[in-house]
Each structure stands twice: as structure tokens, then as C-alpha cells.
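> this one's structure only:
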């Protein structure tokens, strides 16, 4: 079993749609959780940290369920500029473990 | 303020050669991590250095080595290159007490022929 697993995607949605990404992790001792976005042939960029209480940043909402070892990212009112690969990241003892990423394409 | 910088941006080597990749972290950051990203996959953790000491190592062979200098910059060395080492090599820096958030450089794209 992979340490971090994400929806395989790709997701193709129209502008304005709401899209949700899911992620599960295998190590219950994992300490920190993040979503990164990566544009084609670019480096990953931190989108948001994920907290147990859930957190929101504009159109983006992230949630963490430690009991189920599950992380989610919700994007509302999607924009063309949201098209990217979204990477779920889990840290344990200073090691960051990345999922394979889910590709999102937002179409006009 | 400069972000994480890496050099070179692109590199072409042949099998059996050795390569050195360089990274300068964000000013004030003391932690540097190295990742390998193969096309279509997420980055894979190689090393983390903090205050010039190795703090973590991923599942990579001994051909991969790294070090961190007093100014917190870092080098990643790969010996006896294989075709499968072709990838984007990413460096990330982080500050102490930053909830483990890391910020990536643009990467070095290595092609092994």
C-alpha cells in the first residue's frame, strides 16, 4: 500500500464547478498535512496547510480526519487558473511524503 | 526577497557519469530537502539536512549523497548515473518552527543518456 494515495483523476470540470479531491495516508503517526499545487513543468507550490479543525482560504477548503487517515480539498467556483496537479502531502519525522497527484483541468 | 534557487536548470549526462546539483535556501531558512520527481509521479524524498547535519534519508541507493554548507546551501551528488536517474530534482527549504512547511525551488532537470 502506498503511503499517500490520491484520486487517480484526471478531473475535467467546467468553470464555476465545485470539485473535491480525496487523499488517504497509511501512517497514523503522521504529523503535518498539506496540499500543494504543481503547474506543468514547474515546482510544487504550497496551497494550504490542513488542520484537524478544517480550514478555509477563499474558494479552497481543506479537511483532515485523523481517525480515518483521510484528507480532502474542496474547490468552489473553479477558475481556469485552477488547472494544475494537486498534490497531497503528509509529513512524519521531517520526511514529506507526496501523493502521485490529481490532475485538474477547468474548461470554459 | 529571493526564493529557493537551484543550479543548473538543465543538465544532460551519460550513463556512468557523476553529477552535482546545487541549492540555496530562502534567507533565514536552515533546512534543505532534496526530492526526485519522475514524470507523472509525485516528488520522492531523498534527503533532509538541518544545520549541516543529515536529518532524514529516503529510500535511495548510496550513489546519492548530499551535504549542507555553513551558509545553509546544499549540494546533491549522484554517482554512476543510470538512465532511471533522469528526473526533475527539487530542492525545498524550510524554517525552524514553520509547521514543516517547505518551499520549493524551480528544480534541475537531469537527463541521462
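Nice, thanks for sending it over. Keep in mind that what you see is a predicted model, and the values were worked out from it rather than measured.
> where does pLDDT dip in the chain?
Since you didn't name a chain, this refers to chain A. Residues of chain A meeting the criterion pLDDT under 70: none.
> you answered for a different chain; I wanted chain B.
Short version for chain B, where the test is pLDDT under 70: B:1, B:96-99.
> geometric centre of it: which residue is closest?
Taking CA atoms, centre = their mean, the centroid of chain B lies closest to residue B:34, which sits 3.1 Å from it.
> roughly how far out does whichever strand or helix holds that one sit from the chain middle?
Residue B:34 belongs to strand B:31-37 when assigned by DSSP states H and E. Strand B:31-37 sits 4 Å away from the centroid of its parent chain (CA atoms, centre = their mean, to the nearest Å).
> and stretch A:76-95, by the same measure?
That offset, for stretch A:76-95, works out to 4 Å (CA atoms, centre = their mean).
> that one: which residues count as buried?
Neighbour counts using 16 or more other CB atoms under 10 Å in any protein chain shown place A:78, A:82-92, A:94-95 of stretch A:76-95 among the buried residues. For every residue, glycine as well, the C-beta is placed using N, CA and C.
> which two in those residues are spaced the farthest apart?
With distances taken as CB to CB, the most widely separated pair in the buried residues of stretch A:76-95 is A:78 and A:94, at 33.6 Å.
> what angle sits between the helix or strand where residue A:86 lies and strand B:31-37?
If you go by DSSP H and E, residue A:86 is part of strand A:84-92. Between strand A:84-92 and strand B:31-37, the angle comes out at 130 degrees (axes from the mean of the first three to the mean of the last three CA atoms, to 10 degrees).
> which strands or helices does the following helix or strand past strand A:84-92 pack on?
Next helix or strand after strand A:84-92 toward the C-terminus (DSSP H and E): strand A:95-98. Judged by 3 or more CB pairs under 8 Å, 6 or more residues apart in numbering or on different chains; DSSP states H and E, the packing partners of strand A:95-98 are strand A:84-92, strand B:31-37, strand B:44-50.
> mind running it again at 6 Å?
Helices and strands touching strand A:95-98, by 3 or more CB pairs under 6 Å, 6 or more residues apart in numbering or on different chains; DSSP states H and E, are strand A:84-92.
> which other helices and strands contact the strand it packs on?
Taking 3+ CB pairs under 6 Å, 6+ apart as the contact cut, strand A:84-92 packs with strand A:4-6, strand A:19-25, strand A:32-38, strand A:95-98.
> at 10 Å what do you get?
strand A:4-6, strand A:19-25, strand A:32-38, strand A:44-49, strand A:70-75, strand A:95-98, strand A:102-107 (3 or more CB pairs under 10 Å, 6 or more residues apart in numbering or on different chains; DSSP states H and E).
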